[in-house]
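**Student:** could you work out the structure for the sequence below:
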Amino acid sequence: MEEIFSRLGFPETLTTDNGRQFVSAEFKSFCDTNGIKLMPTPPYWPQANGEVENMNRSLVKRLKIAHANNDSYRKEIQKFMLMYNVTPHGTTGAPPTELMFNRVIRDKIPGVQDLVGEMADSEEKDKDLREKEKGKLLADKSRSAGSIDIRIGDKVLLKNVVFPHKLTPTFDTTTYEVTKREGNVVQIFGGGKTYTRNVAHLKKIVETKSPKLTNPVDVDADSYLPSSISLQPTPETLRPQEPSKTLDSMAQEDSMSSKQDIPNEDLRLRLKKKEGVWRSVPAESGAEDDSNLPRSQP
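**Tutor:** Residues are numbered from 1 along each chain as shown. This next block holds a predicted model:
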């Protein structure tokens, strides 16, 4: 790395993965001494450094070809780098060496500079931004991506990226608190440990609070009376009440009601024996001798 920095200078930022050689105290001290801001990617999220991952894919493909042909890995990588540095990039439209050194290095193939002409840096950067924004919109649409509302101080759950068995839950049961966020990179703390993850690996815990009465409320009974009920006096309420009944009047009423329960004499059934059969006769025939007539009580 010191050899590369001696020829090209120190970068402002350096994006690395979480390998031991990059997270060591010695490497951090080296970056701090040379004014390099170290930007490690979140664990288990290679998309954060997608440009390097795409380059690694091309390198692996070239190494597979060298292995199949029993060629030298070092020579094949040098040939690949030469072709890559002189080939116009699909996004910027210019070779990487032209953007780095403001000129295109020569190789065995005739240069493309005579065909495309000189290109200014601003135009290439604008095209690069347009193409990246277009690619971002397409990727977000295909993934149905949306904004995640996670802020500092929120309680979250961490997604499990390692599953020892099939019954492992999707999210860990430990509750974490968000302590820092820069873009999509979030730092959380919980269980005595601090983790750095992408925001897509977190799930916000929504707390629901039930309403409670903090102070007792004095209830006025009059305020809960229906509006349709009137408390003003009415003629019925102003009517004088009847005097209370005495024992004599109550006894008199009971005797009158008992008399009404006795059946009337006229309602008794009169029977007369005719041809050996007892038959009912009307009351007008009462002039006859009733001594021989049986009477039936109702």
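
**Student:** C-alpha from now on. contacts and neighbour counts both.
**Tutor:** Fine.

**Student:** which helix is the longest one in the protein?
**Tutor:** In the chain, with assignment by DSSP state H, the single longest helix is helix 121-143.

**Student:** packing partners for that helix?
**Tutor:** Using 3 or more CA pairs under 8 Å, 6 or more residues apart in numbering; DSSP states H and E, no helix or strand is in contact with helix 121-143.

**Student:** name the surrounding residues that touch that helix.
**Tutor:** Helix 121-143 is touched from outside by Thr91, Thr92, Gly93, Ala94, Leu99, Gly146, with contacts defined as CA atoms under 8 Å, 6 or more residues apart in numbering.

**Student:** mean confidence for stretch 205-214?
**Tutor:** For stretch 205-214, mean pLDDT rounds to 69.

**Student:** make JSON lines out of the contacts of helix 121-143 and add secondary structure and neighbour count.
**Tutor:** Below are the contacts of helix 121-143 laid out as JSON lines (DSSP: H, G, I helix; E, B strand; the rest coil; neighbours: other CA atoms under 10 Å):
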{"residue": "Thr91", "secondary structure": "coil", "neighbour count": "14"}
{"residue": "Thr92", "secondary structure": "coil", "neighbour count": "20"}
{"residue": "Gly93", "secondary structure": "coil", "neighbour count": "16"}
{"residue": "Ala94", "secondary structure": "coil", "neighbour count": "23"}
{"residue": "Leu99", "secondary structure": "helix", "neighbour count": "17"}
{"residue": "Gly146", "secondary structure": "coil", "neighbour count": "8"}
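
**Student:** next, format those as a markdown table and append distance to Glu133 and pLDDT.
**Tutor:** Output for these, formatted as a markdown table (distance: CA to CA, whole Å; pLDDT from 0 to 100):
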| residue | distance to Glu133 | pLDDT |
| --- | --- | --- |
| Thr91 | 11 | 82 |
| Thr92 | 13 | 84 |
| Gly93 | 16 | 85 |
| Ala94 | 18 | 86 |
| Leu99 | 20 | 85 |
| Gly146 | 16 | 74 |
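
**Student:** and the residues you listed, which is closest to Pro43?
**Tutor:** Among those, Gly146 lies closest to Pro43 (CA to CA), at 21.3 Å.

**Student:** backbone phi and psi for that closest one, please?
**Tutor:** For Gly146, the backbone dihedrals (degrees, to the nearest 10) come out as phi -150, psi 170.

**Student:** residues touching Met81, list them.
**Tutor:** Applying CA under 8 Å, 6+ apart, no residues contact Met81.

**Student:** from Gln187, how far off is it?
**Tutor:** 37 Å (CA to CA, to the nearest Å).

**Student:** count of residues packed around Arg182?
**Tutor:** Not quite, residue 182 is Glu, not Arg. 9 (other CA atoms under 10 Å).

**Student:** poorly predicted segments of the stretch 101-250 of the chain, please.
**Tutor:** Residue ranges of the stretch 101-250 of the chain with pLDDT under 70: 110-122, 210-250.

**Student:** what are the boundaries of the strands in the stretch 101-250 of the chain?
**Tutor:** Remark: strands assigned in the stretch 101-250 of the chain by DSSP state E, counting those that start in this stretch are 155-159, 171-182, 185-190, 193-198, 202-204.

**Student:** just checking, Thr41 touches Asp17?
**Tutor:** Yes - between Thr41 and Asp17 there is a contact at 5.3 Å, judged by CA atoms under 8 Å.

**Student:** so what's the closest residue to Leu202 other than its chain neighbours up against?
**Tutor:** In this structure, Leu202 finds its nearest non-sequential neighbour in Leu158, 5.0 Å apart by CA to CA, 6 or more residues apart in numbering. Contact analysis of Leu158 by CA under 8 Å, 6+ apart lists Phe171, Asp172, Thr174, Thr175, Tyr176, His201, Leu202, Lys203.

**Student:** follow-up on the earlier one: just put the strands of the stretch 101-250 of the chain in TSV and tack on distance to Arg103.
**Tutor:** Shown next, in TSV, are the strands of the stretch 101-250 of the chain (distance: least, CA to CA, whole Å):
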stretch	distance to Arg103
strand 155-159	48
strand 171-182	36
strand 185-190	37
strand 193-198	39
strand 202-204	46
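
**Student:** out of those strands, which is closest to Ala66?
**Tutor:** strand 193-198 (36.1 Å).

**Student:** hey, what's the angle from the closest one to strand 185-190? Just curious.
**Tutor:** 150 degrees (axes from the mean of the first three to the mean of the last three CA atoms, to 10 degrees).
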